[in-house]
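Undergrad: here's a sequence, model it:
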Amino acid sequence: MINKEMARDYLTRAGRCLKEASLALGEDDFPGTVRRSQEALELAVKGLLRLLAVEYPKAHDVGDALMENASKIPWELREEVEGMAKLMAELASLRGPAFCGYEREGIPPSKAFKKSYAEDVYHGVEIYVNSIMNTLKKYI
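TA: Purely as a prediction, here's the structure:
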């Protein structure tokens, strides 16, 4: 029961982060879009892993745990596992710059991300998060 409750909560919060990413994109806040998209994907994947009772590292990038447990993942999502893991790794590495920019180089977050990149990130994450949520509805 705990795994279902945790998974449900993570997915609810992933949906909230996705809405906030959309709002940021609409306001031309491209680093905010990247940051909230990253959080949405992280929470959705962690919710999936939690539902499957998979222990994952306490880190922002749990793509390796996702890949290692691909055989446990509902068949509807298996084709997407590799892409999710790849995007998760990319976005986890940008989590800091999306929040603080590249301080050593003197690049603020607002100059670090272009609109086209933020749009691509948001739409990619939106697809994965919605796929996870739609698939897991029948399990939680």
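
Undergrad: from the rest of the structure, what touches the host helix or strand of Y122?
TA: Counting by DSSP states H and E, the element that carries Y122 is helix 115-136. Residues from elsewhere that reach helix 115-136 (Cβ atoms under 8 Å, 6 or more residues apart in numbering): 7, 11, 14-15, 18, 21-22, 25, 28, 30-31, 33-34, 37-38, 40-41, 44-45, 47-48, 51, 74, 76-77, 80, 83-84, 87, 91. (Each C-beta comes from the backbone N, C-alpha and C, glycine too.)

Undergrad: so how many other residues sit close to the closest residue to L94 other than its chain neighbours?
TA: Of all residues not flanking L94 in the chain, V34 sits nearest, at 5.8 Å (Cβ to Cβ, 6 or more residues apart in numbering). Residues within reach of V34, counting by other Cβ atoms under 10 Å, total 29.

Undergrad: so how far is the helix holding Y122 from its chain's centroid?
TA: 8 Å (Cα atoms, centre = their mean, to the nearest Å).

Undergrad: check stretch 82-98 too.
TA: 8 Å.

Undergrad: low-confidence stretches in the protein?
TA: 1 (pLDDT under 70).

Undergrad: select the longest helix from it.
TA: Ranked by residue count and defined by DSSP state H, the top helix of the chain is helix 2-26.

Undergrad: give me the phi and psi for E103.
TA: Torsion angles at E103 (phi, psi; degrees, to the nearest 10) stand at phi -60, psi -40.

Undergrad: what count of nearby residues applies to it?
TA: There are 10 residues near E103, going by other Cβ under 10 Å.

Undergrad: now L41
TA: Counted with other Cβ under 10 Å, L41 comes out at 28.

Undergrad: so I140 sits against Y10, correct?
TA: No - counting by Cβ atoms under 8 Å, I140 does not reach Y10; the two are 10.1 Å apart.

Undergrad: neighbour count: the two, which is higher?
TA: Y10 (22 against 16).

Undergrad: does the more buried one touch L41 like I think?
TA: No - the criterion here is Cβ under 8 Å, and Y10 misses it with L41 at 11.3 Å.
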